[in-house]
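**Q** Model the structure of this input:
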Amino acid sequence: MQILLALFCGGIAYYAWKSWRRNPLYSLKNTLVDAAVILLGLALVVGFTELIAFHLPSQSPAVIVLCCMIVIAAITLGLIAASFRITDGPIAKVPAGTRPDSRNRRKLTPWILGTGLVLLSLLVWGALVSPEEAELPLAFAALVLMIGMASLGALYIKARRSDYASAALKANFWVHWQDNIWLGHDGLLCGDAYAPWLSSGNYLTEARIEAGPPLSLLLIFQKAFGASTDQITTRVPIPEGRESDLKLLEEKLSARCPRARIHFGVKL
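**A** Predicted coordinates:
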């Protein structure tokens, strides 16, 4: 069983590495710094787990497991935040007096509340029964805490970065088309959908003009789903009379995404 688990984890790490190696943000420096942070986090996990396991003044294994899971989940969340900061850079700066959008974070609210309710129910169950019977609900609570905090925490960090980037994009854009399309340094905002030009999970690989009607800007992104990647194509209609924006947009995109294929070679 342990051999199968090691092979499974090794396979995920290998394909995740291949996906990151193809990313335009990849650099040896970022990779080494990220690896050092992860190793430090693992050392903290081992150290705190041993400290709790051998020095917690409780004879209940379930309580010890719950405390260990709290520490592991907290350190895991910190590692995720640090990895985003290393690979994707600092969060977008919102101009003073501008309130960042929260639509992406609001989508996670039902999941966070539901996970919290399940966790609270398990803890109440464990508090109402005898210490011997409390081991089962506390063990389930530890599992819910570990999985929920790590997964929802990572999603919340990504949602927060997207909300701040959307607000920054609306305040400082290259091009604003119609009422709900912004293109700027941080990415593309089309209605409620935000796509960064360069991030560890999503990056632009090609941009070209697609003849109409209507004339459109064709953007091709590579999106990472764990260890696998998928190609996402976005078509942005170019409003009539705004064709002159394409020269500026081509220059800005070429500078922002030097590894992407940017070619707007059409006669307008």
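**Q** From now on I want contacts and neighbour counts done on CA atoms only, so please keep to that.
**A** OK.
**Q** For the protein, give me the ranges with low pLDDT.
**A** Where the chain drops to pLDDT under 70, the residues are 1-21, 53, 55-60, 62, 225-228, 265-268.
**Q** hmm, 50 instead?
**A** 1-2, 5, 267-268 (pLDDT under 50).
**Q** buried ones in stretch 163-174?
**A** By neighbour count on 16 or more other C-alpha atoms under 10 Å, the buried set for stretch 163-174 is 163-170, 172, 174.
**Q** Over to stretch 172-190?
**A** 172, 174-176, 181-190.
**Q** so which strand or helix has I209?
**A** strand 202-210 (DSSP states H and E).
**Q** roughly how far is that strand from the heart of the chain?
**A** 21 Å (C-alpha atoms, centre = their mean, to the nearest Å).
**Q** and if you look at stretch 251-267?
**A** Mean-position distance between stretch 251-267 and its chain equals 26 Å (C-alpha atoms, centre = their mean).
**Q** and what of stretch 135-152?
**A** Distance, centroid of stretch 135-152 to centroid of chain: 21 Å (C-alpha atoms, centre = their mean).
**Q** buried residues in it?
**A** For stretch 135-152, by 16+ other C-alpha under 10 Å, it's 135, 137-146, 148-150, 152.
**Q** Tell me which of those residues fall in strands.
**A** Among the buried residues of stretch 135-152, none falls in strands (DSSP state E).
**Q** and which of those is nearest to V46?
**A** M146 (15.4 Å; C-alpha to C-alpha).
**Q** what sits against the closest one?
**A** 69-70, 72-73 (C-alpha atoms under 8 Å, 6 or more residues apart in numbering).
**Q** ok, now A141?
**A** Neighbours of A141 in contact, by C-alpha under 8 Å, 6+ apart: 66, 119, 122-123.
**Q** switch to 7 Å and redo it
**A** Applying C-alpha atoms under 7 Å, 6 or more residues apart in numbering, one finds that A141 lies in contact with 119, 122-123.
**Q** Throw together a PyMOL command that grabs the buried residues out of those residues.
**A** What follows is the PyMOL syntax selecting those of these that are buried according to 16+ other C-alpha under 10 Å:
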select buried, resi 119+122+123
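**Q** Go through the contacts of A141 and say which is closest to R103.
**A** L119 (25.2 Å).
**Q** out of the contacts of M146, which are inside helices?
**A** 69-70, 72-73 (DSSP state H).
**Q** would you list the residues you listed in JSON lines and tack on distance to P239?
**A** What follows is the ones in helices among the contacts of M146, written out as JSON lines (distance: C-alpha to C-alpha, whole Å):
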{"residue": "M69", "distance to P239": "53"}
{"residue": "I70", "distance to P239": "52"}
{"residue": "I72", "distance to P239": "51"}
{"residue": "A73", "distance to P239": "48"}
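**Q** and which of the contacts of A141 is nearest to E251?
**A** Ranked by distance to E251 (C-alpha to C-alpha), the contacts of A141 are led by L119 at 51.3 Å.
**Q** Could you say which helix or strand holds that closest one?
**A** Counting by DSSP H and E, the element that carries L119 is helix 109-128.
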